[in-house]
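Q: No letters, just coordinates:
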């Protein structure tokens, strides 16, 4: 092959042959990432229904000043800063899911990753958090 043929731009035919792959790969990557993220998350509606029916444990990991603004009735209050000393309070029964909720889902998703490293496979985080809960006007009570 001559030096000239190595440096010439790809032909239209070669570019068209790459288009199906180029169109598929970017669409596939976000879908894969979304599925992985979705496996760790539950919707706010699902979390509320499961918590109120007693099928899941809702653990509010916000800090005490945030709890003072109101909490979901029956939620366990376990501030994220205290987690390392109170981790034994997180239920370990895999038949009863644990749903972590914070204000917006940032801390609860980070806490989920830390708990997963310690074998808590039945824990999920709640999308939207208590900010969305309050925005929807759902019932909140004073912390105990």
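A: The structure has been received and is ready for your questions. In this text, all values refer to a predicted model and were calculated from it rather than measured experimentally.

Q: Residue 112 contacts residue 40, doesn't it?
A: Yes - judged on Cβ atoms under 8 Å, residue 112 makes contact with residue 40 at a distance of 5.8 Å. For glycine as for every other residue, the C-beta is placed from the backbone atoms N, C-alpha and C.

Q: For these two, list the residues in contact with both.
A: Listed as contacting both residue 112 and residue 40 by Cβ atoms under 8 Å, 6 or more residues apart in numbering are 124, 125.

Q: which of the two has more neighbours?
A: Comparing residue 112 with residue 40 by other Cβ atoms under 10 Å, the one with more neighbours is residue 112, at 21 against 16.

Q: Chain neighbours aside, what residue packs nearest to the more buried one?
A: residue 125 (4.8 Å; Cβ to Cβ, 6 or more residues apart in numbering).

Q: Distance check, that neighbour against residue 132.
A: Note on residue 125: its distance to residue 132, by Cβ to Cβ, to the nearest Å, is 13 Å.

Q: lowest confidence element among the helices and strands of this structure?
A: Sorting the helices and strands of the chain by mean pLDDT, DSSP states H and E puts helix 12-40 at the bottom, at a mean of 42.

Q: that older thread, helix, strand or coil for the residue nearest to residue 112?
A: With DSSP: H, G, I helix; E, B strand; the rest coil as the basis, residue 125 sits in strand.

Q: all helices for this protein, in order.
A: 3-7, 12-40, 44-52, 64-67, 83-86, 106-116, 129-135 (DSSP state H).

Q: which strands and helices sit next to the third one?
A: Under the contact criterion of 3 or more Cβ pairs under 8 Å, 6 or more residues apart in numbering; DSSP states H and E, helix 44-52 touches strand 57-60, strand 98-101, helix 129-135.
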